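# What follows is a predicted structure for the sequence shown.
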Amino acid sequence: MGSRSVLFFFIPFVISCSSSISNDTFVDDFSDENFKTLGSDGPYFYGEQYSGRNNYINYYPGNIPVILSIPHGGELVPVEISDRTYGVSVTDSNTIELGSSISDYMYENFNIRPYIIINNLKRTKMDANRDKVEAAQNNVFAERAFDEFHYYISSAREDIIQNFGTGILFDIHGHGPNPDGFVDLRTWIGYLLSGDELDQNDKDLDINILSNDTSIFNILNSSNHLLSDVIRGPNSLGSLFETYGYSALPSSISPSPEGMRYFSGGYNTFVYGTDSDYNFNAIQLEFPYPTIRDNQNSINAFAEAFSSVIHDYFITYFDIDLF
Ligand SMILES: [Zn+2]
């Protein structure tokens, strides 16, 4: 409110300085009602690409019950969005390339694609893994991109539930070296369980953590598997990563961080993994840079492995054969 009254106060001055600027320039053309209605670019079809305003957000509908959301890989720095003044601003390098390569590998080999939602804005402009206030910091164009990002994810989730009954969103990230310079080559898998919670033994973990405290409540409630089994048993996601040549945490080999740096899942994992209105799950994946996303060879090799990992995971926990 304060900024609007200041703007209004200065309009006569600006106009008097430049006859080429018409009154229309100052019409508030970015209020909510002047953006297109969310969803007006739909309905959405597999194989097509959809873009939000100014191509800040891309949506690629898929045909399997898997969503890849990529909130931190963007590089766009439009001047209409001022830099965020607080919060983390590090880019997760090559995560867009990683998601695209996974999709292309699946398409070329199995004629399937995951649903993909990409934030192309650099994190200095909009952080698509925070609540709206911290994500967009009051910039209307960043807020619009935030709304589009989540609208597309919600549409994908709706589509998946209609067609498959359940599914998983993987929120794709990258972690850098630890503060002491040590590079942890494990993929950190986030189910909203903290390092301290994971430090418990299996028995205590299964007693102390309710399925609804995790982002995979739907998997836990619809199967006979115990939490410890799903997150670090032999068929857990982390152990499947290990099976296909990539170390991961948690897994049967690395059951807990044991005090090391670890990310347990952020805003997107919470929003899409804990909503009891939907039979849906969310898992945050924090990939190391070396061996997975440092160059196209690494990316291609990982895309193949990841396809096998999620194939086996869906067989085990959903009895769904992706390919
Ligand atoms: Zn990230």
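Good, I have the coordinates.
# average model confidence for the longest helix along the chain?
For the chain, the helix with the greatest residue count under DSSP state H is helix 140-164. In this model, helix 140-164 has an average pLDDT of 98.
# Just list what that helix packs against, helices and strands only.
strand 57-60, strand 66-70, strand 115-119, helix 132-136, strand 167-175, helix 267-273, strand 280-288 (3 or more C-beta pairs under 8 Å, 6 or more residues apart in numbering; DSSP states H and E). To be clear about C-beta, it is placed using only N, CA and C from the backbone, and glycine gets the same treatment.
# The closest residue to the ion within the stretch 101-250 of the chain - how many residues pack around it?
The minimum distance from the stretch 101-250 of the chain to the ion, using C-beta to the ion, falls at residue 173 (3.3 Å). As a burial measure, residue 173 scores 25 neighbours (other C-beta atoms under 10 Å).
# Does it touch residue 288 like I think?
No. Between residue 173 and residue 288 there is no contact under C-beta atoms under 8 Å: 10.7 Å.
# Alongside the ion, which residues does the stretch 151-300 of the chain contribute?
Counting by C-beta under 5 Å from the ion, the stretch 151-300 of the chain comes close to the ion at residue 173.
# let's see 8 Å
The stretch 151-300 of the chain has residues 173, 174, 175, 266, 286 near the ion, with proximity defined as C-beta under 8 Å from the ion.
# closest point of the stretch 1-150 of the chain to the ion, which residue?
residue 72 (3.6 Å).
# Can you tell me the closest non-neighbouring residue to that residue?
Using C-beta to C-beta, 6 or more residues apart in numbering and skipping residues adjacent in sequence, the residue nearest residue 72 is residue 92, 3.9 Å away.
# if I pick the residue in the stretch 201-323 of the chain that the ion sits nearest to, what's in contact with it?
Nearest residue of the stretch 201-323 of the chain to the ion: residue 286, at 7.1 Å (C-beta to the ion). Neighbouring residues of residue 286 by C-beta atoms under 8 Å, 6 or more residues apart in numbering: 173, 174, 175, 187, 188, 189, 190, 263.
# Let me know the pLDDT of the residue lying closest to it once chain neighbours are set aside.
Nearest residue to residue 286 in three dimensions, chain neighbours excluded: residue 188, at 3.9 Å (C-beta to C-beta, 6+ apart). With respect to pLDDT, residue 188 scores 98.
# How far off centre is the helix or strand containing residue 188?
Following DSSP states H and E, the helix or strand that holds residue 188 is strand 187-190. Its chain's C-alpha centre and that of strand 187-190 lie 13 Å apart, by C-alpha atoms, centre = their mean, to the nearest Å.
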